[in-house]
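Colleague: How does the following fold in three dimensions:
(2 chains)
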Amino acid sequence: MTLVQTILSILLAVGFAACILFVIFGQVTVRKLRKNPETKQALGIEFTSGWDILNVAQALSLPAVLEKRLKNRAFHANADLLYKHTTVFDRVLAHMFFWLWMSAGFGSIVFTLVYFLFDLGQN
Amino acid sequence: MAEILISNRAWNKPQFKQMCGESLDEMQCSGSDGVMWPYEPYTVGQTSYNEELILRALRNNHCPQNIHALSSALGEDNIVGVSDATVKLHDTTSALAGSASTIHAARSDKFVLVVQRYQDTLLAYRDVTHGKGTAGATKASAGIAVSAAFEHMQKHFQRELNMTAGVQRASRKGTPLRNRTRALNIARSSRSIKKLELVSTLQAGKLARFSKYGKALGTGVVAIDFASRIGNVQITYKADGNWERELFVESSSFTLSALAGTATAKAGVAFFVVATPVGWVGLIVLAAAASMGINHIVKEESGGVYDSIMEWISAL
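Modeller: You can find the predicted model right below:
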């Protein structure tokens, strides 16, 4: 395996784990929150079906410092409210999913930049 | 060219003759026995194979009902144009990259919503002029509501409106999407039978998709992207190529480009003010670039990853 392919397979493995956790987190935590009349309205904008899962994961795992600096407030889930309605297990799940997803996402963006900047293509 | 008729109430033979000047016996539809049923698409004369395909595309669940409601507000010619434009928006973006298009879908959903609101005000106006309006609504207040919805649509969705213009037939009277007087006239005198002229099944399919506006549009984008990827796998399979390898390449590139696209979009919404047209475009371009970049790399390289995995498995 070339270096590029090694990095790619790591990214793919992380991404694959994130995809599985996305479904689990959606079924376990977000489904519960969608049914709860108190939190139903606080899950943020739904750009496309399932986007609220991403919103909830972000609200439960972003550090408070960053949380305060969020722009477009209406688009995000209400973190304070969600903390009251979730268990420690939910938050652990949220952290695992969110950071795996972010590292696969931004990992691939950085990788793309490096790939094109240093011209790592096979030809 | 197929002429499609959709009515919102049932007609028997004499009534239909009086209304359209044509005999009902010439209408073709499954199970029509001397009655024209509401919300069923009909063609005039003998149904050709092409027309049969068009009818089939239009006939699922609430589609004809929605088309009827939309065309009584937008006019019969325009609904074809608008549906074409919204579908075009989706196809161009989904051809670009994985799920970067989800953000774009949000914008074209909004266009549909704005057109729909314009249509709702027009329908309310029609009800008032026909003496069926809600309590307290006058002709003047309904007219003002139409104007407000019209202004909003003109101001925010110029580009989408321009795309509809290419499809519409040039009419001396103007089109309801551009000309509010024309829209009010249509609303005032709209009849219960709608006549649509469709050239192809493609157009009918677009119309059918358009009639299911709302959330279905968002998921539709991903479905199109997926379909084209599956198509690649199937082509490889038919050409006796290594289709398992192609499947690995397509699904892994979809996964990573979707992850990169959503991550960019999420970060963009989190830390930049995007509630302006420029902000949206910037975000769309960024997310699309991220998705496209990684999509390209994975398509180039993941075949090699697949080969190594297979070697590793066979070495065990």
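Colleague: Which residues are in contact with the residue nearest the centre of chain A?
Modeller: Compute the mean C-alpha point of chain A, and by Cα atoms, centre = their mean the closest residue is residue A:98, 3.4 Å away. Listed by Cβ atoms under 8 Å, 6 or more residues apart in numbering or on different chains, the contact set of residue A:98 reads A:57, A:58, A:60, A:61, A:62. In short, each C-beta sits where N, CA and C put it, glycine included.
Colleague: quick one: the helix or strand that contains it to chain centroid distance?
Modeller: Element membership for residue A:98 (DSSP states H and E) is helix A:88-117. Averaged C-alpha coordinates place helix A:88-117 at 7 Å from its chain's average position (Cα atoms, centre = their mean, to the nearest Å).
Colleague: List the buried residues in that helix.
Modeller: Using 16 or more other Cβ atoms under 10 Å in any protein chain shown as the test for burial, helix A:88-117 gives A:90, A:93-94, A:96-98, A:100-109, A:111-112, A:115.
Colleague: what's the pLDDT at residue B:63?
Modeller: You'll see residue B:63 listed with a pLDDT of 69.
Colleague: do the same with residue A:97
Modeller: For residue A:97, the model assigns a pLDDT of 94.
Colleague: ok, back up a step: can I get the contacts of residue A:98 in a markdown table with secondary structure and distance to residue B:270?
Modeller: Shown next, in a markdown table, are these (DSSP: H, G, I helix; E, B strand; the rest coil; distance: Cβ to Cβ, whole Å):
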| residue | secondary structure | distance to residue B:270 |
| --- | --- | --- |
| A:57 | helix | 12 |
| A:58 | helix | 7 |
| A:60 | helix | 14 |
| A:61 | helix | 12 |
| A:62 | coil | 8 |
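Colleague: filter these by proximity to chain B?
Modeller: For chain B, the contacts drawn from these by Cβ under 8 Å from any Cβ of the partner chain are residue A:58.
Colleague: ok, the contacts of residue A:98 vs chain B, which is closest?
Modeller: residue A:58 (6.6 Å; Cβ to the nearest Cβ).
Colleague: quick one, what contacts that closest one?
Modeller: Applying Cβ under 8 Å, 6+ apart to residue A:58 gives the contacts A:76, A:77, A:98, B:266, B:270.
Colleague: can you pull the contacts of the residue of chain A found nearest chain B?
Modeller: Of all residues in chain A, residue A:105 sits closest to chain B, at 2.5 Å by Cβ to the nearest Cβ. Counting by Cβ under 8 Å, 6+ apart, residue A:105 makes contact with B:259, B:260, B:262, B:263, B:264.
Colleague: Count the neighbours of the last one for me.
Modeller: Translated: residue B:264. Counted by other Cβ atoms under 10 Å in any protein chain shown, the residues lying close to residue B:264 total 23.
Colleague: List the buried residues of the helix or strand it falls within.
Modeller: Per DSSP H and E: residue B:264 is located in helix B:243-271. By neighbour count on 16+ other Cβ under 10 Å, the buried set for helix B:243-271 is B:243, B:245-270.
Colleague: what helices or strands is it leaning on?
Modeller: Counting contacts by 3 or more Cβ pairs under 8 Å, 6 or more residues apart in numbering or on different chains; DSSP states H and E, helix B:243-271 packs against helix A:3-25, helix A:51-61, helix A:88-117, helix B:101-129, helix B:215-238, helix B:277-315.
Colleague: Pull the contacting residues for the closest residue to chain A within the stretch 151-300 of chain B.
Modeller: At 2.5 Å from chain A, residue B:263 is the closest residue in the stretch 151-300 of chain B, using Cβ to the nearest Cβ. Counting by Cβ under 8 Å, 6+ apart, residue B:263 touches A:101, A:102, A:104, A:105, A:106, A:109, B:290.
Colleague: Kindly report the same for residue A:75.
Modeller: Applying Cβ under 8 Å, 6+ apart, we find residue A:75 in contact with A:44, A:45, A:55, B:269.
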